[in-house]
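Trainee: Give me coordinates for this.
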Amino acid sequence: MARRPDAFGTRERRVRVLGGHDVALLNGPVFLVGLFYAVSPWVLGFAAAHHDLAVHDLVVGCAVCLLTVGFTVAPERMTGLSAALGVTGLWMVFSPWAVVRHPGRAAAVDGVVLGVLALVLGLLSTALVRRANRLP
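Mentor: Now for the predicted structure:
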């Protein structure tokens, strides 16, 4: 990295993004939201009635967990994807009605509550990353 002409600028940006990386504090809650979203059809008992929604929740929950693992393992490379968490949260809010016609109370509340949590955490993560990138 020292041989690159912009090595100092790259190193400085990395230190700035990771040094003020308050986003790391969000990784735990985001991982838990994704994990619960993945297993919630079986925990809340709507997996048998809505198999398609159960598979959907499992896939989306695993995707959120994978995003979180990426944020933890390589935060300097994943900061651009912090907005994807917010978009995923928005999808989680509306997906019970998009995947099945009548999702039932447990599936609807699960999607809305966890989706709003993911949306808020995604927006907060995006704001923190932007603030860290703007610092001199």
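
Trainee: what sits against the most centrally placed residue in the chain?
Mentor: For the chain, the residue nearest the mean C-alpha position is Leu85 (3.6 Å; CA atoms, centre = their mean). Going by CB atoms under 8 Å, 6 or more residues apart in numbering, Leu85 touches Val30, Val64, Leu67, Ala118, Leu121, Gly122, Ser125, Thr126. Every C-beta, even on glycine, is put in place using the N, C-alpha and C of the backbone.

Trainee: Could you work out the most separated pair of those residues?
Mentor: Val64 and Thr126 (14.9 Å; CB to CB).

Trainee: which one of the two has more residues nearby?
Mentor: Val64 (28 against 19; other CB atoms under 10 Å).

Trainee: The strand or helix carrying the more buried one packs against which elements?
Mentor: Remark: Val64 resides in helix 51-73, with elements defined by DSSP states H and E. Applying 3 or more CB pairs under 8 Å, 6 or more residues apart in numbering; DSSP states H and E, we find helix 51-73 packed against helix 27-43, helix 75-78, helix 82-99, helix 105-134.

Trainee: Return that helix as PDB; C-alpha atoms alone will do.
Mentor: Extracted C-alpha coordinates of helix 51-73, given in PDB (Å, rounded to 0.1, in the frame of the first residue of the first chain):
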ATOM      1  CA  HIS A  51     -44.600 -21.700   3.600                       C
ATOM      2  CA  ASP A  52     -43.600 -19.200   0.800                       C
ATOM      3  CA  LEU A  53     -43.400 -16.400   3.400                       C
ATOM      4  CA  ALA A  54     -41.400 -18.600   5.700                       C
ATOM      5  CA  VAL A  55     -38.800 -19.300   3.000                       C
ATOM      6  CA  HIS A  56     -38.800 -15.600   2.000                       C
ATOM      7  CA  ASP A  57     -38.200 -14.600   5.700                       C
ATOM      8  CA  LEU A  58     -35.400 -17.100   6.000                       C
ATOM      9  CA  VAL A  59     -33.600 -15.900   2.800                       C
ATOM     10  CA  VAL A  60     -34.000 -12.200   3.700                       C
ATOM     11  CA  GLY A  61     -33.000 -12.700   7.300                       C
ATOM     12  CA  CYS A  62     -29.800 -14.600   6.200                       C
ATOM     13  CA  ALA A  63     -29.100 -11.800   3.700                       C
ATOM     14  CA  VAL A  64     -29.300  -9.200   6.600                       C
ATOM     15  CA  CYS A  65     -27.000 -11.400   8.700                       C
ATOM     16  CA  LEU A  66     -24.500 -11.700   5.800                       C
ATOM     17  CA  LEU A  67     -24.600  -7.900   5.400                       C
ATOM     18  CA  THR A  68     -23.800  -7.500   9.100                       C
ATOM     19  CA  VAL A  69     -20.900 -10.000   8.800                       C
ATOM     20  CA  GLY A  70     -19.500  -8.000   5.900                       C
ATOM     21  CA  PHE A  71     -19.900  -4.800   7.900                       C
ATOM     22  CA  THR A  72     -17.900  -6.400  10.800                       C
ATOM     23  CA  VAL A  73     -15.200  -8.200   8.800                       C
END
